[in-house]
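Engineer: quick one, structure for this:
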Amino acid sequence: MKMSKPACIVLLVVGLVFVFLGLSNIGISIFWDFSDLENLMVGFLLIIIGAIALRIRYSFKKRG
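Structural biologist: Below is the predicted model:
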């Protein structure tokens with residue numbers, strides 16, 4: 001199954017947004033609130049979701 005160009009771009013943007021949100025959440029957790037482990041875990045979760053979306057995009061792009 002070939003992925004259309006707009007779907008590929010949307011998947012790229014979604015993955016990058018999740019990675020950016022995760023990095024900013026980790027930055028806020030580290031530099032402003034040192035004791036909040038929950039924000040740190042949420043940041044890592046967002047980065048993982050973004051990385052999965054980017055990996056799916058890469059595999060579709062490579063296959064197509």
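Engineer: buried residues, the host helix or strand of residue 26. List them.
Structural biologist: Element membership of residue 26 [criterion: DSSP states H and E] is helix 5-31. By 16 or more other Cβ atoms under 10 Å, the buried positions in helix 5-31 come out as 8, 11, 15, 18, 19, 21, 22, 25, 26, 29. C-betas here are computed from N, CA, C, even on glycine.
Engineer: hang on, the fifth one packs against residue 51?
Structural biologist: This points to residue 19. Yes - taking contacts as Cβ atoms under 8 Å, residue 19 lies within contact range of residue 51: 6.9 Å.
Engineer: tell me the helix or strand right after the helix holding residue 26.
Structural biologist: helix 37-63.
Engineer: residues touching the residue nearest in space to the middle of the chain, list them.
Structural biologist: Note on the chain: the residue nearest the mean C-alpha position is residue 50, at 1.8 Å, using Cα atoms, centre = their mean. Listed by Cβ atoms under 8 Å, 6 or more residues apart in numbering, the contact partners of residue 50 are 14, 15, 16, 17, 18, 19, 20, 21, 22.
Engineer: dump those to CSV, plus pLDDT and distance to residue 46.
Structural biologist: Below are the contacts of residue 50 laid out as CSV (pLDDT from 0 to 100; distance: Cβ to Cβ, whole Å):
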residue, pLDDT, distance to residue 46
14, 92, 11
15, 92, 11
16, 93, 11
17, 94, 9
18, 93, 5
19, 94, 7
20, 94, 9
21, 92, 5
22, 92, 3
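Engineer: please tabulate those residues in JSON lines, including the columns distance to residue 57.
Structural biologist: Putting the contacts of residue 50 into JSON lines (distance: Cβ to Cβ, whole Å) gives the following:
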{"residue": "14", "distance to residue 57": "9"}
{"residue": "15", "distance to residue 57": "6"}
{"residue": "16", "distance to residue 57": "10"}
{"residue": "17", "distance to residue 57": "13"}
{"residue": "18", "distance to residue 57": "12"}
{"residue": "19", "distance to residue 57": "12"}
{"residue": "20", "distance to residue 57": "16"}
{"residue": "21", "distance to residue 57": "17"}
{"residue": "22", "distance to residue 57": "17"}
